[in-house]
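Colleague: Turn this into a model:
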Amino acid sequence: MANLFDELQMGTISRRKLFELLPVAGAGALAARAQTATDPPKISAANIGGGGRIERDFYRQWIKNSKLPMVEGYSILDAAKQEVQPWPETDGRGLYLNFSGNVHMDAVIQEIPPGKALTPAKHFYEQLTYVLSGRGYTTFGGKNKVEWGEGSLFAVPVNVEHRHYNSDSAHPARLLYITSFPFMLQVFGSMGLINDLNFNFNDRYDGAPDYFTSTKRVRKRWDKTNFVKDIRKSEVVDWPERGEGNASMYWDMAGNSILEPHMSEFEVGSYKLGHRHPYEAIILTLNGKGFSLAEKERLKDSEAIKIDWQAGTIVSPPFFWYHQHFNTGITKARYLAITEGDFPIRLGFPLQVEQIEANQEDPEIKTHFERELHHG
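Modeller: So this is what the prediction gives:
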């Protein structure tokens, strides 16, 4: 399996072909990563800088050499029930999720044993934490304590020592991390810097008593906060520009400059307009049932890839692919999406968000959706 993803990185296999080859049972479109020997260096082509330059990919090399329990692909069916493995370095169990093609963002499922705690940690990258199941609390630098339960979302400030505790002595607690670790590794190429940096980002975290309790509405659909008790039930604001019956809420958390979380909700029997964006995204379905379509060059029903989802499904659409989400269930569908916001623009990416308006949509897409509703 690892060879397939290597071919994707080198451009010798299409992402569509990779989708077709990936298994879809159990872990959805995620498959176990096989250990491989160190590859020979990749050399730049003659028309790139004169040729002969060694092309470096620190993150991909880390993926190949890491001993962490890991899977990779584009989606996972149910993060709350996905099998996890022993992770001795954390005193818990877990699974690293490498969304193939992503080089800026990743995800980690971390399980805390009943009544226990994970090892203290700090890291030079951004991290958002969503509680998949269980209840517990997290301490930060000896100054703050956050009590959380299923559905909670909170930020872990950059380079602040923290520790997660499970308050339930009978059941494990399960967390989902979304982080910018891949980007930081690609930029610096040093695990030592990421794990052992001795610097306090006081502008992001000052230990104020209300750091995790204060919430302020800063724009129409934006709250500045570092903790949401249960995003499955929290407020969303109408957003008809994204499709009839759509609503959303964005959060500015921990002074993060890369990770930008938002929650989106759409009505029964409705769907969101197709779109693509020049940034990576990791999407967790919070409730409901439906499917998504994805395609690289356009969004045509007969050629698009279909990904079914339910509560707990994680999907990471390939970079700059068109994708579209459809609610075929009997309740409003709500999902949490972590993206990079305007970060790629600050990097100078010459791309913009593109939306397929209703009058430009392939008519077969609506026919497909109505057929799914009828059979659902």
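Colleague: ends of stretch 141-160, how far apart?
Modeller: By Cα to Cα, to the nearest Å, the extent of stretch 141-160 from end to end equals 6 Å.
Colleague: Ok, stretch 217-235 next?
Modeller: Here the two ends of stretch 217-235 are set 12 Å apart, with distance taken as Cα to Cα.
Colleague: Return the distance of that stretch from the chain's centre.
Modeller: Chain-centre distance of stretch 217-235: 18 Å, with Cα atoms, centre = their mean, to the nearest Å.
Colleague: quick one: average confidence on that stretch?
Modeller: For stretch 217-235, mean pLDDT is 95.
Colleague: quick one: contacts of it?
Modeller: 130, 146, 148-155, 157, 211-216, 236-237, 239, 248-254, 262-263, 286-287, 334, 336 (Cβ atoms under 8 Å, 6 or more residues apart in numbering). Any C-beta I mention is one placed from the backbone N, CA and C, and that applies to glycine too.
Colleague: What residues sit buried inside that stretch?
Modeller: Neighbour-count burial for stretch 217-235 flags 221-223, 225-228, 231-232, 234 (criterion: 16 or more other Cβ atoms under 10 Å).
Colleague: ok, which pair from those is furthest apart?
Modeller: Taking Cβ to Cβ, the two most distant members of those are Trp222 and Arg232; they sit 19.3 Å apart.
Colleague: Can you tell me the number of residues neighbouring Tyr74?
Modeller: 24 (other Cβ atoms under 10 Å).
Colleague: Rebuild the buried residues of stretch 217-235 as a markdown table, extending it with distance to Ile330 and secondary structure.
Modeller: Putting the buried residues of stretch 217-235 into a markdown table (distance: Cβ to Cβ, whole Å; DSSP: H, G, I helix; E, B strand; the rest coil) gives the following:
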| residue | distance to Ile330 | secondary structure |
| --- | --- | --- |
| Arg221 | 26 | coil |
| Trp222 | 30 | strand |
| Asp223 | 29 | strand |
| Thr225 | 31 | strand |
| Asn226 | 34 | coil |
| Phe227 | 31 | strand |
| Val228 | 26 | strand |
| Ile231 | 21 | coil |
| Arg232 | 16 | coil |
| Ser234 | 22 | coil |
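Colleague: still on that earlier bit, quick check on the contacts of stretch 217-235: which are buried?
Modeller: For the contacts of stretch 217-235, buried by 16+ other Cβ under 10 Å: 130, 146, 148-149, 151-155, 157, 211-212, 236, 239, 248-254, 262-263, 286-287, 334, 336.
Colleague: just the helices in the stretch 101-250 of the chain please.
Modeller: Shown for the stretch 101-250 of the chain, the helices assigned by DSSP state H, counting those that start in this stretch span residues 181-188, 191-196.
Colleague: In contact with the residue lying closest to Gly245 once chain neighbours are set aside, which residues?
Modeller: Residue nearest to Gly245 in three dimensions, not counting chain neighbours: Glu267, with 3.3 Å by Cβ to Cβ, 6 or more residues apart in numbering. Under the criterion of Cβ under 8 Å, 6+ apart, the contact list for Glu267 reads 244-246, 327, 332.
Colleague: Looking at these, point me to the pair that's furthest apart.
Modeller: Between all members of the contacts of Glu267, the longest pairwise span (Cβ to Cβ) is found for Glu244 and Lys332 and amounts to 12.8 Å.
Colleague: could I get stretch 69-78 in CSV with only the CA atoms?
Modeller: What follows is stretch 69-78, C-alpha atoms only, in CSV (Å, rounded to 0.1, in the frame of the first residue of the first chain):
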residue,chain,number,x,y,z
PRO,A,69,0.5,2.9,14.9
MET,A,70,-0.7,4.4,11.6
VAL,A,71,-3.1,4.2,8.7
GLU,A,72,-3.3,6.4,5.6
GLY,A,73,-5.8,7.3,2.9
TYR,A,74,-8.7,9.7,2.5
SER,A,75,-11.5,8.7,4.9
ILE,A,76,-12.3,6.7,7.9
LEU,A,77,-15.8,5.4,8.6
ASP,A,78,-16.2,5.9,12.3
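Colleague: show me the contacts for the most centrally placed residue in the chain.
Modeller: By Cα atoms, centre = their mean, the chain has its centre lying nearest to Ile282, at 2.7 Å. Ile282 sits next to 99, 105, 107, 178, 314-316, 337-338 when contact means Cβ under 8 Å, 6+ apart.
Colleague: go with 7 Å
Modeller: 99, 105, 107, 178, 314, 316, 338 (Cβ atoms under 7 Å, 6 or more residues apart in numbering).
Colleague: How about Asp57?
Modeller: Neighbouring residues of Asp57 by Cβ under 7 Å, 6+ apart: there are none.
Colleague: Ala337 is in contact with His262, correct?
Modeller: Yes: His262 is within contact range of Ala337, at 5.6 Å (criterion: Cβ atoms under 7 Å).
Colleague: need the strands for the stretch 51-200 of the chain, in chain order.
Modeller: Assigned by DSSP state E, counting those that start in this stretch, the stretch 51-200 of the chain shows strands spanning 54-55, 70-73, 75-76, 85-87, 92-99, 106-112, 127-133, 135-140, 144-149, 153-156, 162-166, 173-179.
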